[in-house]
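**Student:** The following block contains a protein sequence and its predicted model.
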Amino acid sequence: MQFKITDEYIELYKLIKVADLVDSGAEAQQLIAQEHVKRNGDLETRKRAKIKVGEIITIGDVSIEVT
């Protein structure tokens, strides 16, 4: 899936929430804390990591390309 941002970046947990992969920001933070999230193929454990255009976030079988 692709997700278009209008600002310079979006925080990781917010991206997961607005992409409708979870019901709440707390659930997004749990996914990150439980090491289920990869950023450009590498494990990402920072909830507020600044995700910018061109990055790919992967959670299980779902990939989000930030445009």
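**Tutor:** Great, that's in hand.
**Student:** neighbours around Q30, how many?
**Tutor:** By the criterion of other Cβ atoms under 10 Å, Q30 has 14 neighbours. C-beta here means a position set from N, CA and C on the backbone, and glycine is covered the same way.
**Student:** Regarding it, what is its secondary structure?
**Tutor:** At Q30 the chain is in helix, as set by DSSP: H, G, I helix; E, B strand; the rest coil.
**Student:** what's the answer for E27, then?
**Tutor:** Criterion first, three-state DSSP; result for E27: helix.
**Student:** quick one, what contacts it?
**Tutor:** For E27, the contacting residues are K17, by Cβ atoms under 8 Å, 6 or more residues apart in numbering.
**Student:** distance of it from T67?
**Tutor:** Distance of E27 to T67, given as Cβ to Cβ, to the nearest Å: 24 Å.
**Student:** Spell out the residue ranges of the strands in this structure.
**Tutor:** 2-3, 10-11, 37-39, 42-43, 50-51, 56-59, 62-66 (DSSP state E).
**Student:** can you redo these as a markdown table with mean pLDDT, mean neighbour count and distance to V18?
**Tutor:** Shown next, in a markdown table, are the strands of the chain (pLDDT from 0 to 100; neighbours: other Cβ atoms under 10 Å; distance: least, Cβ to Cβ, whole Å):
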| stretch | mean pLDDT | mean neighbour count | distance to V18 |
| --- | --- | --- | --- |
| strand 2-3 | 96 | 12 | 8 |
| strand 10-11 | 97 | 20 | 8 |
| strand 37-39 | 98 | 19 | 15 |
| strand 42-43 | 97 | 8 | 22 |
| strand 50-51 | 98 | 18 | 11 |
| strand 56-59 | 97 | 18 | 12 |
| strand 62-66 | 96 | 14 | 10 |
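**Student:** can you put those strands in CSV and add distance to D23?
**Tutor:** CSV is the format used below for those (distance: least, Cβ to Cβ, whole Å):
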stretch, distance to D23
strand 2-3, 17
strand 10-11, 17
strand 37-39, 16
strand 42-43, 23
strand 50-51, 20
strand 56-59, 14
strand 62-66, 15
